[in-house]
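Participant: structure for this input, please:
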Amino acid sequence: MAFKGNRKAQSGIELITYFGFLFMLFLVLSLEAASRMGSIQRSRDSFDAQKVGEIAATNINIAYSVGEGYSASFFLPFGLVNSNYSLNISTEEQRLDITYGENFTKSFPLLTSNVTGIPRQGANSINNTKGEIIIA
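Facilitator: Alright, predicted model coming up:
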């Protein structure tokens, strides 16, 4: 009789060990998947920020290149897929900066430092008045 009891205990321990191993494997795979998802989200935000910055900088550069009397409208999205963003124009360095996510920044060169206004999320209008680029 004692022999059967030991066998049942051994089976129970093997079962607990098996489920413990599966749980640890599941935990490691879940952590790895979460890490990769975070990396994918950061890459997506970087790509979207690149597109937004290019749209704004291209519109400013076109307004400058075309010259006096240029007028157009453009639209910037209200946010990136996983974060928000803000735009800033550095007139001293002739560049447009987009800040997004956890303080990531991308910069885009501008052809002029004579820019009034900052592109904002949503609808924007841009005019070239006597060489001054006005964004409203």
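Participant: L76 versus the residue nearest the centre of the chain, what's the distance?
Facilitator: Centroid-nearest residue in the chain: D45, 1.7 Å away (criterion: CA atoms, centre = their mean). Applying CB to CB, to the nearest Å, the value for D45 to L76 is 15 Å. Yep, even glycine has a C-beta here, placed from its N, CA and C like the rest.
Participant: for L22, same thing?
Facilitator: 48 Å.
Participant: out of these two, which sits in the more crowded spot?
Facilitator: Just comparing L22 and L76: by other CB atoms under 10 Å the higher neighbour count belongs to L76, 20 against 10.
Participant: number of residues surrounding the closest residue to that one other than its chain neighbours?
Facilitator: Closest residue to L76 apart from its sequence neighbours, by CB to CB, 6 or more residues apart in numbering: Q121 at 5.3 Å. Neighbour count for Q121, taken as other CB under 10 Å: 15.
Participant: pretty sure Q121 sits against L80.
Facilitator: No - with contact defined as CB atoms under 8 Å, Q121 does not reach L80; the gap is 10.4 Å.
Participant: looking at this protein, which helix or strand is least sure?
Facilitator: Every helix and strand in the chain was compared by mean pLDDT, DSSP states H and E; the lowest is helix 2-66, with a mean of 90.
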